[in-house]
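**Student:** Compute the structure for the input listed below.
(2 chains)
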Amino acid sequence: MKSFILTITLFFCSQLLFAQVTINLIVSNRPPVNLSEWVAKKEVVTLIINNIAQGVQRRVKIKTTVKTTDGTEVSVTDLNLAPVITLPDGNTVLNASTVYPLEIQKFNGTYQRSLQRAGKLPADNYQFCVQLVNSVDFAPVTNEVCKIFFVAALQLPILMMPQNGQQLDIQKAKTAITFRWTPLMPRPQGPVGYRLQVFEVLAGQQPVQALRSNQPVLDKIVNNQTQFIWQPQLGFITDASQDSATVSTLPLNRFIWTIQTIENNSVITEGSNEGRSEPLQFSVGKTLAEELRKKKNTKD
Amino acid sequence: MPKLKAKIILVVLAMICIVIQLQAQKKKPISITGNAGITYEGYGLNRNPTGFTGYQQRRPWNQVRFNFMPTIKFSKNFSLPMNFNFAAIPTNFAGPYAGLKKPTFGQFLTNPMNNFGLNPTYKWAEFQLGTQYLKYSDLSTGDIGIFGAGFSLKPGDYRFKFFTGVSQQGVNYSLAPAIPGAYKRTHYMFSIGKEREKDYLVAFNFSKGKDIVNSLSPVYPAAPPQEGFTLSAQVEKTLKKGWYIKTEGANSIYTRNENDAVNPAIKSFKPFIEAKNSTVTDYAAQAQFGKKSKNFDIGLGGKYIGAGFQTTGYPYLQPDRFEYTVNTRFNAWKNKTNVVASLGQRVNNVSNVSLKAKQFIGNLNWFTQFNDAFSLNVSFNNFGFNTNGFTATLIPSIKNVSTDIGVNPTYTWTTKTMSNTISLSYSYSKYNETYTLFPAPPVTQSNNTHTALLSYIPVYLTKDISPDFSVLYFRNDATGAKISFTTLSAGLSLPALKKKLKLRGQLSYTLGKLNSFTPDNNFIASANADYKLNKKLTWTNYLTTNYYKYGNQLGGTFNGANYLESTVRTGLQYKF
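**Tutor:** Numbers count the residues shown, from 1 in each chain, chains lettered A, B, ... in the order given. Down below sits the predicted model:
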């Protein structure tokens, strides 16, 4: 009988406690794919704790669990390492730096490997669940509140055409050069800008050096399309006797091109440097006339 | 700054030592090869009417470039190659110095547009001072110029390399003028191995790059300071009968934000790097196997880059992919036929952190010289891209297919005084982009291009004058836009003033048409004149001017807008 009364009392006490602390959780539905970036972005996770204990300070820990939509556990807070939070009266607003510090999360199996190798979770829908627990015995102080989010790493465009090292026909290149690339993946709902940049490689320069130091001869934002036809309007003059080591005023007709991807007016910083795709080189070949002159000079 | 000054003083001292040593020897005359020069480039752009900004400046208004690249050979065993190649005005648009107009002396020295390199070499010992672009391997380091000091020692078959320096100085972030900013980045690299040229190579490469956290004020908001450490192992072997194998495996440990908390759950590699919340460790590997001979090549290559593989030596490397290709080249029919072909596939998102995407790539080029008069070149290129979407999150599936076919016959006939070549080239390019978001039907955007080019090149056997003429027609039919260009062009090359002056010129006129708008007109004239002042000194000149006049496609007051763009380069080049 005594134990029954004790149980009933404890039940009512816990209900009372639950009623005195409530939580409201807001989670971005498309948070950054790198989990380590969550702490720096306040908008990713917002936890509002309402403590109506009227002068009584509560000491709690935050238990955060990330699960797949079928309930499989991805990570859970190591409560032994979690910091104790003393709740004042009224509202306390916390974000990911307190709710989801990575260094105290325990990841399971494949998710641990994915995090260590890529810093990301596999592309999928997940649940982000938060519960406050007592700082001493980890007994629940609030119900668990969950919100669903989706992560998929962005893949920057891959440059396709002109191919790396391709030599273009000079007569055709004088009029038009066609660039093609793969789209940003996954394709966002909003518009995507592909900033196509072509840099001329000057004498004595390495291709990536040219990219990092020269003014681009083409700098064009192409919206949503993955092809652009460029009219170079460059005076392609060639000299069959010229080689890349020769310093001359003649252009070498060597180029390096890249795409910088822009989403919602911001450069995508995920993945490669400055949101730029891995650049490719191409050149504009000698004219047939130059080749024939060279042949003639060789015979002479 | 004081450190940089110290480095410069060291370099100067080293040069003085060399001169002293040189005077002391006085045994053999010194030989100098290479070149030196100065080039001025001027650019002009006039746009009409006032307020028309549809065409942007694409070169610096004025630029002066210096090059001083001699190799001084003191003796059979001792040489001093120099590479001083720099420009007066910074023009960086990408990378750490983008937007920087007033660099400090240290920023000037390490700006990628400038090279200040010295490589004194004594027998098998090469010392590397100043700006160096060192490629240790494909997966460790190779794309970045570093200002510093190091060596490459090759005693016998052994290889020891070391280099340390700075690839970028700290650049403070600024909104106006727009400067994205960058942390100062230091590098260390080391390689040890054994190599016999055309036989084998075994090497272990280590490279480390680290941003200096307190090198900026204010802190760069868009990208945090980073640190990376990469190890790689290379094995290459050339076998008998032209067979070869090349392999490399690498492991990178990369911290994307040095300000993150230390995370003991992630494996560190102390003392080189300590793991933090944003530290990732991943692998990359590549292998090539094949045979090369005079008339037949075949090769099989594969490359895997893990999702978290990142190295400061290749800042633009795209991770998370696996690709393989089969290449071949062969000559047939008494070497009159040459075929080059490749076939491959690339898979993105091997790690499953994004949507799986596959690309197929196939290329074929077939050239046949039927006789002295007639040859034919046929080419075929294809690539496809395919990825499945996520219907639940409104991410569409995408399928892109690009197919290019080209045919190029060339006919030559010769008389007593001249040979005439006529060449016709036709190519068709088809590009379809299909989006599917179930249950909506697929939406396909087509983009098809026809290009036809006819060239005529007379070569005078008894005269030095060499003209050429061509006409090109280009038409692109895309969803909602039809573009066509017709280009007439002519070129001329001739020597003058007892062959002291080499002249080349090009004229081209293009009539461009977009949908039903009135045509655009474009006229480009280019000329080059190299005048040999004496045996060693050449005065070089290059001029190109581009006039473009729009039809009525721009609408309103900009109908008929036009611009005149000119570039002139003139310089003196001295050949040692």
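
**Student:** so how far is stretch B:182-202 off the chain centroid?
**Tutor:** 21 Å (C-alpha atoms, centre = their mean, to the nearest Å).

**Student:** For that stretch, buried residues please.
**Tutor:** B:182-191, B:193, B:195, B:200-201 (16 or more other C-beta atoms under 10 Å in any protein chain shown). Where you see a C-beta, it was placed from the backbone N, CA and C, and this is true even at glycine.

**Student:** so where do the strands sit in the stretch 201-300 of chain A?
**Tutor:** A:218-223, A:227-230, A:254-263, A:266-267, A:280-284 (DSSP state E, counting those that start in this stretch).

**Student:** Output those in TSV, with mean neighbour count and mean pLDDT appended to each entry.
**Tutor:** Formatted as TSV, those follow (neighbours: other C-beta atoms under 10 Å in any protein chain shown; pLDDT from 0 to 100):
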stretch	mean neighbour count	mean pLDDT
strand A:218-223	15	95
strand A:227-230	18	94
strand A:254-263	23	94
strand A:266-267	13	80
strand A:280-284	21	94
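
**Student:** could you dump these to a markdown table with distance to chain B?
**Tutor:** Output for those, formatted as a markdown table (distance: least, C-beta to the nearest C-beta, whole Å):
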| stretch | distance to chain B |
| --- | --- |
| strand A:218-223 | 7 |
| strand A:227-230 | 5 |
| strand A:254-263 | 7 |
| strand A:266-267 | 8 |
| strand A:280-284 | 10 |
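
**Student:** can those strands go into JSON lines with extra columns for distance to B:F127?
**Tutor:** As requested, these are exported to JSON lines (distance: least, C-beta to C-beta, whole Å):
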{"stretch": "strand A:218-223", "distance to B:F127": "40"}
{"stretch": "strand A:227-230", "distance to B:F127": "44"}
{"stretch": "strand A:254-263", "distance to B:F127": "30"}
{"stretch": "strand A:266-267", "distance to B:F127": "40"}
{"stretch": "strand A:280-284", "distance to B:F127": "30"}
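
**Student:** Quick one: closest of those to B:S484.
**Tutor:** Closest to B:S484 of those is strand A:227-230 (C-beta to C-beta; 11.0 Å).

**Student:** Given that closest one, what are its sheet partners and their directions?
**Tutor:** Here strand A:227-230 is paired, per DSSP bridges, with strand A:177-181 (antiparallel).

**Student:** Pull the residues that contact the strand it pairs with.
**Tutor:** Around strand A:177-181, the neighbours that count as contacts under C-beta atoms under 8 Å, 6 or more residues apart in numbering or on different chains are A:157-162, A:168, A:194, A:196, A:226-230, A:232, A:257, A:259, A:277, B:402, B:429, B:431, B:449.

**Student:** Give me the buried stretch members for stretch B:512-532, please.
**Tutor:** Residues of stretch B:512-532 classed as buried by neighbour count (16+ other C-beta under 10 Å): B:512-514, B:519-520, B:522, B:524-530.

**Student:** and the residue of chain A at minimum distance from chain B, how far is that from B:Y550?
**Tutor:** Nearest residue of chain A to chain B, counting by C-beta to the nearest C-beta: A:G235, 2.9 Å away. For A:G235, the distance to B:Y550 equals 21 Å [C-beta to C-beta, to the nearest Å].

**Student:** Repeat that for A:I177.
**Tutor:** Counting by C-beta to C-beta, the separation of A:I177 from B:Y550 is 20 Å.

**Student:** correct me, but B:I179 touches B:Q107?
**Tutor:** No. B:I179 is not in contact with B:Q107 according to C-beta atoms under 8 Å; the separation is 11.2 Å.

**Student:** State the pLDDT value of residue 43.
**Tutor:** You didn't pick a chain, so chain A it is. Note on A:E43: pLDDT of 87.

**Student:** Can you look at chain B instead?
**Tutor:** Looking at B:Y43, its pLDDT is 97.

**Student:** Skip the chain neighbours and tell me the closest residue to it.
**Tutor:** Spatially, and ignoring its direct neighbours in sequence, B:Y43 is nearest to B:R59 (4.1 Å; C-beta to C-beta, 6 or more residues apart in numbering or on different chains).

**Student:** Number of residues surrounding the one you found?
**Tutor:** 20 (other C-beta atoms under 10 Å in any protein chain shown).

**Student:** which ones are touching it?
**Tutor:** So B:R59 contacts A:Q215, A:V217, B:E41, B:Y43, B:T567 (C-beta under 8 Å, 6+ apart).

**Student:** Report the separation between the first one and A:I237.
**Tutor:** With distances defined as C-beta to C-beta, the gap from A:Q215 to A:I237 amounts to 20 Å.

**Student:** near chain A, which residues of the stretch 151-300 of chain B show up?
**Tutor:** Contact residues, the stretch 151-300 of chain B versus chain A (C-beta under 8 Å from any C-beta of the partner chain): B:180, B:222-223, B:256-257, B:260-267, B:276-282.

**Student:** Any of the residues you listed buried? List them.
**Tutor:** Looks like those have B:180, B:223, B:256-257, B:260, B:263, B:265-266, B:276-282 buried, using 16+ other C-beta under 10 Å.
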